[in-house]
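1. Need a 3D model of the following:
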Amino acid sequence: MIDKLGAAGIVGVLVVVAGIGLLAWINPLIAAGMGLVVAGLGLLVYGLVSNLLASFGMGGMV
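-> Residues are numbered from 1 along each chain as shown. The predicted structure follows:
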């Protein structure tokens, strides 16, 4: 999976993890909520991309 992200994707993941880590250091409850929001957005984007590719007949690519 890491080879599909590229350099910008890896840096983006590190920034998100560092931000949630900083929040967890300050307030763990808010960090847990932010983690759930980020995970939910990731699942939402995955679902949208899967449906878009399926509508173009490329459903097996994801």
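2. For the rest of this, base every contact and every neighbour count on C-alpha atoms.
-> Noted.
3. all strands for this protein, in order.
-> Assigned by DSSP state E, the chain shows no strands.
4. List the contacts of the helix or strand of it with the lowest mean pLDDT.
-> Sorting the helices and strands of the chain by mean pLDDT, DSSP states H and E puts helix 2-26 at the bottom, at a mean of 85. Identification of contacts with helix 2-26 by Cα atoms under 8 Å, 6 or more residues apart in numbering yields 30-32, 34-35.
5. okay, among those, which ones form the most distant pair?
-> Among the contacts of helix 2-26, the pair separated by the greatest distance (Cα to Cα) is 30 and 35, at 8.5 Å.
6. So which residue is smack in the middle of the protein?
-> Per Cα atoms, centre = their mean, the C-alpha nearest to the average position across the chain is that of residue 42, at 3.9 Å.
7. Quick one, grab the pLDDT at it.
-> At residue 42, the model reports a pLDDT of 87.
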